[in-house]
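**Student:** just a sequence and a predicted model for now, questions to come.
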Amino acid sequence: IGLPQAWPPGYHTILALIFSIFGNSESVAFNASAVIGSLSIIAIFLVSYFLFNNQSIALMAAFLFNLIPVHLKYSGASELGIPSLFFVLLTILALFLYLKEKDTKTLSLLIATTVLAVYVRPENFLLLFWALFFIISSYRDKNSNPKKVCFHSFLFLGLVFLFLIPFFVHMYISLHVMPH
């Protein structure tokens, strides 16, 4: 007797779109995961570049990440770990962009990537709290506008929760109304 499974809809929706373009086969799913795993290496480079502002360190980080055996193994499998990592890295990249620009366009990108990351794996919900923490703490200097901090924080929280309502409904129905 096991617990009912509720699969998050994010990566499965992406796979359905990929299947509609390239056909419905296992090799398409495996190749899609391999492409997403390869894009994760580029995302590691960009996140590292934002962190250290040094191209050599970013290249070394991407190279070393490329050699991680678990990443190599699961990049060829169709499971949620690799897409989850990719969307987490995209969210971190969007957060860095927002912290640099502090405008509504980059905040919108941060909201979109956070929602996508949660749709891929529910435990990525923790990104919401980290992003909110960094949004609030980025306005600690004396020249910052407290109204803008409140507006961006509430906009971030409000829109993320609004876009996650279908996800919560899906998970609730999958676990409680129609258990497998």
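**Tutor:** Received the coordinates, thanks. Just so we're clear, the structure is a prediction, and the values are computed from it rather than from any experiment.
**Student:** I'd like the next helix or strand past the worst-scoring helix or strand of the chain on mean pLDDT.
**Tutor:** Ranked by mean pLDDT, DSSP states H and E, the helix or strand of the chain with the weakest confidence is helix 69-75, at a mean of 81. Sequence-wise, the next helix or strand downstream of helix 69-75 (DSSP states H and E) is helix 81-101.
**Student:** so what touches the least confident helix or strand of the chain?
**Tutor:** Ser33, Ala34, Ile36, Gly37, Ser38, Ser40, Phe65, Asn66, Gly81, Ile82, Leu85 (C-beta atoms under 8 Å, 6 or more residues apart in numbering). No exception for glycine: its C-beta is placed from N, CA and C like everyone else's.
**Student:** quick check: the first one touching Ile82?
**Tutor:** Spelled out, it's Ser33. Yes: Ser33 is within contact range of Ile82, at 5.4 Å (criterion: C-beta atoms under 8 Å).
**Student:** more neighbours: these two, which one.
**Tutor:** Ile82 (27 against 24; other C-beta atoms under 10 Å).
**Student:** picking that back up, what residues of the least confident helix or strand of the chain count as buried?
**Tutor:** Buried residues in helix 69-75, counting neighbours by 16 or more other C-beta atoms under 10 Å, are found at His71, Tyr74, Ser75.
**Student:** quick one: which of those is nearest Tyr49?
**Tutor:** Relative to Tyr49, the closest of those is His71; by C-beta to C-beta it sits at 19.1 Å.
**Student:** since that was my last question, I'll sign off now.
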